[in-house]
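Chemist: Quick one, structure for this:
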Amino acid sequence: MKLVILDRDGVINQDTGDYVRSAEQWQPLPGSIEAIARLYKAGFTVVVATNQSGLARGYFDLDDLEAMHAKLTQLVEAQEAELGAIFYCPHGPDDSCKCRKPLPGLVDAIEAVFNTSAEGCTFVGDSLRDLQTGLAKGCRLMLVETGNGATTRTQLEHSPGAEAEFSLGGHAVTIVADLAAAAELIIEQDV
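Modeler: I've put the predicted structure just below:
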């Protein structure tokens, strides 16, 4: 199985900085839906792994989250493509769960549902916690500069243990402008 794991906010859709709380607020980034469709049509299973602590904080409810994900799914389907699944952590930072990134629980669940290993697949995110999650599971790491990506790039460049501006814990991090550029590179590198 050719698997690609995407973070949601800041990678696929605009991140408000104050939680995306409704389907109306959920707006795709330019080219992101088309990028998912390109990956799908190139034979990849595209899965979303997203922290949604706004649920635990009471900023939105499950119906709101499901409406956001229905909107995403419908936009992808309108491109004659499909998402493999959307996995989310509903917990807050103090809930001691195993699924909140940077912990690998969401990827563990993806592996279980799809009966595959995420090792070697590409994990695309815009935050350090996304990269840490992918790193813990042996994924190839890709950082988009949308969302929090530019800030994360600065963190990588100045973090202790980062051997170079494109490294995290000794593992390469590929930095791209956006999800469209990520999809192009993933497809190009597929052998």
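
Chemist: List the contacts of I186.
Modeler: 4, 39, 44, 122, 142 (CB atoms under 8 Å, 6 or more residues apart in numbering). Glycine gets a C-beta too; all of them are placed from N, C-alpha and C.

Chemist: Then D61?
Modeler: Per CB under 8 Å, 6+ apart, neighbours of D61: L55.

Chemist: separation between it and R153?
Modeler: 34 Å (CB to CB, to the nearest Å).

Chemist: Quick check: mean pLDDT of the helix ranked longest in the chain?
Modeler: The single longest helix within the chain, with elements called by DSSP state H, is helix 62-78. Mean pLDDT, helix 62-78: 98.

Chemist: Listing partners with orientation, what would you give for the helix or strand bottoming out on mean pLDDT in the chain?
Modeler: Lowest mean confidence among the helices and strands of the chain (mean pLDDT, DSSP states H and E): strand 167-168, at a mean of 80. With DSSP bridges as the test, strand 167-168 is paired with strand 171-176 (antiparallel).

Chemist: So which residues make contact with the strand it pairs with?
Modeler: Residues contacting strand 171-176 (CB under 8 Å, 6+ apart): 131, 135, 140-145, 149, 153, 156, 166-167, 182, 185.

Chemist: hmm, 10 Å instead?
Modeler: By CB atoms under 10 Å, 6 or more residues apart in numbering, the list of residues contacting strand 171-176 from outside reads 122, 124-125, 128, 131, 134-135, 138-146, 149-150, 152-153, 156, 162-167, 181-186, 189.
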